[in-house]
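Engineer: Sequence and predicted structure below; questions after.
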Amino acid sequence: MLNVSTLKMGREGGPEEKLYDVIIVGGGPAGATAALYAARSGLGTVVLDKAISAGALATTSKIANYPGIPKVMTGLELLQVIQKQADDFGAEFVTAQAVSAQLFGETKGIQTSIGPFRGKVVIIATGKMGRKSKIPGEEKFLGRGVSYCATCDAAFFKDRVVAVVGASREAVDESELVVRFSKKTYLIAPGEKFHTDHRQLDELEKNPKVEILRNRGLREVLGNDTVTGIRLSGATGDTVLPVDGVFIYLPGNVPIIDFLEGAVEVTEQECIKVDRERATSIPGVYAIGDVICSYIQQAVVAAADGAIAAMAAERYIRGRVKVRSDWA
């Protein structure tokens, strides 16, 4: 298994003031393949990814039908292979959450949890795991105790009591960061199991500042001006857990496009509209993978989207009429 630490995952002081050729938002199979093709063509390429473990492929336990990969591997292992290929060609992978975008004009910008990035082209590959429906109180207290990003907000809860809700690897990863600051952290799973490395979970269970609660559903976020607690469902009924903040990592099935703030055209299902080259309604902006809601949602299809968009982006940047076909 390849170790993701071999990749260039972030910078200590935030992004440098530089202009990239291509900014890719999302590092799943679509985004990583786009990075591979873009970097191999000599384009300065950066991939902004909230967490390598956050996407649909990374949470898949077994992949046995990906072309060219004869052995069975986890989705995370396959993703690391693709990312390593892109890294070898010079693509940068930066751990950062996109919070807003400025997509019009020759130079485009993505504002992230660690600062702004500027580029000539933006490729959106954020996937389809957003949640349409909100838990009561979630939207009301967003920014006042509710967060979706420990990297952004964990430090605001120094010596406070915090809950992290979710059973994904992302939720467990984020818990490790929250624990560094909090007085106490509750890690709450809707079911019995956490979808992560058992050694990682064991380390959290040994931490005296951590309490793990299983089979509990988040019913409501409570508070006045800020969060004061959460209501949880369980086998014996509802209980109220006093907390100062809650980090929510529950999966969904709608495109993650909130940070775009309606800039690109979308369908009634909030899927980004693209043409055959995966170009959106804004020149120099492309969308790939599950965020465009292809009829068949498979890693190999997402990877194909990435290749198509990267070649179209290369043509856009260098002003060629035809997409190159000699990139085998």
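Structural biologist: In hand now; what should we look at?

Engineer: Mind giving me the packing neighbours of the worst-scoring helix or strand of the chain on mean pLDDT?
Structural biologist: Across the helices and strands of the chain, mean pLDDT, DSSP states H and E gives its lowest value to helix 150-153, namely a mean of 79. Counting contacts by 3 or more Cβ pairs under 8 Å, 6 or more residues apart in numbering; DSSP states H and E, helix 150-153 packs against helix 169-181, strand 245-248. The C-beta positions use only the backbone N, C-alpha and C, and glycine is treated the same way.

Engineer: swap the cut-off to 7 Å and go again
Structural biologist: Applying 3 or more Cβ pairs under 7 Å, 6 or more residues apart in numbering; DSSP states H and E, one finds that helix 150-153 contacts helix 169-181.

Engineer: The helix it packs on packs against which elements?
Structural biologist: So helix 169-181, by 3+ Cβ pairs under 7 Å, 6+ apart, packs with helix 150-153, strand 161-165, strand 184-188, helix 198-206.

Engineer: Can you tell me how far the residue nearest the centre of the chain is from residue 148?
Structural biologist: Of all residues in the chain, the one closest to the mean position by Cα atoms, centre = their mean is residue 50, 4.1 Å from it. As for residue 50, its distance to residue 148 is 9 Å (criterion: Cβ to Cβ, to the nearest Å).

Engineer: so what's the closest residue to residue 249 other than its chain neighbours up against?
Structural biologist: Among residues not flanking residue 249 along the chain, residue 166 sits closest, at 3.2 Å (Cβ to Cβ, 6 or more residues apart in numbering). Residue 166 makes contact with 248, 249, 250, according to Cβ atoms under 7 Å, 6 or more residues apart in numbering.

Engineer: max-length strand in the protein?
Structural biologist: Taking DSSP state E as the criterion, the chain has its longest strand at strand 115-124.

Engineer: With only the CA atoms kept, save it in PDB.
Structural biologist: Provided in PDB are the C-alpha atoms of strand 115-124 (Å, rounded to 0.1, in the frame of the first residue of the first chain):
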ATOM      1  CA  GLY A 115      -5.900  30.900   2.000                       C
ATOM      2  CA  PRO A 116      -6.500  31.800  -1.700                       C
ATOM      3  CA  PHE A 117      -5.300  29.900  -4.800                       C
ATOM      4  CA  ARG A 118      -5.100  31.500  -8.300                       C
ATOM      5  CA  GLY A 119      -5.200  29.800 -11.600                       C
ATOM      6  CA  LYS A 120      -6.000  30.100 -15.300                       C
ATOM      7  CA  VAL A 121      -8.300  27.000 -15.300                       C
ATOM      8  CA  VAL A 122     -10.500  25.500 -12.600                       C
ATOM      9  CA  ILE A 123     -11.600  21.900 -12.700                       C
ATOM     10  CA  ILE A 124     -14.400  21.000 -10.200                       C
END
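
Engineer: circling back: show residues contacting the least confident helix or strand of the chain.
Structural biologist: 97, 113, 147, 174, 177, 178, 247.

Engineer: Next: stretch 300-314.
Structural biologist: Contacts of stretch 300-314 (Cβ under 7 Å, 6+ apart): 22, 28-31, 33-34, 37-38, 41, 43, 66-67, 121, 123, 125, 277-279, 286, 288-290, 294, 323-324, 327.

Engineer: before we move on, what about stretch 26-35?
Structural biologist: 24, 45, 47, 49, 52, 55, 57, 79, 82-83, 86, 91, 93, 123-127, 288-289, 299, 302-303, 305-307, 309-310.

Engineer: change it to 8 Å
Structural biologist: 22, 24-25, 45, 47-49, 52, 55-58, 78-79, 82-83, 86, 91, 93, 123-127, 288-291, 299-300, 302-307, 309-310, 313 (Cβ atoms under 8 Å, 6 or more residues apart in numbering).

Engineer: Out of the residues you listed, list just those in helices.
Structural biologist: Using DSSP state H, 78-79, 82-83, 86, 299-300, 302-307, 309-310, 313 are the members of the contacts of stretch 26-35 that sit in helices.

Engineer: follow-up on the earlier one: in ChimeraX, select just the buried ones from the contacts of stretch 26-35.
Structural biologist: This is how ChimeraX selects the buried members of the contacts of stretch 26-35, with burial counted by 16 or more other Cβ atoms under 10 Å:
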select :22,24,25,45,47,48,49,52,55,56,57,58,78,79,82,83,86,91,93,123,124,125,126,127,288,289,290,291,299,302,303,304,305,306,307,309,310,313
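
Engineer: Was I right to think the residue nearest to the centre of the chain contacts residue 99?
Structural biologist: No: contact between residue 50 and residue 99 fails when scored by Cβ atoms under 8 Å: they sit 10.3 Å apart.

Engineer: Run a quick neighbour tally on residue 173.
Structural biologist: 19 (other Cβ atoms under 10 Å).

Engineer: From residue 195, how far out is residue 60?
Structural biologist: The value you get for residue 60 to residue 195, if Cβ to Cβ is used, is 10 Å.
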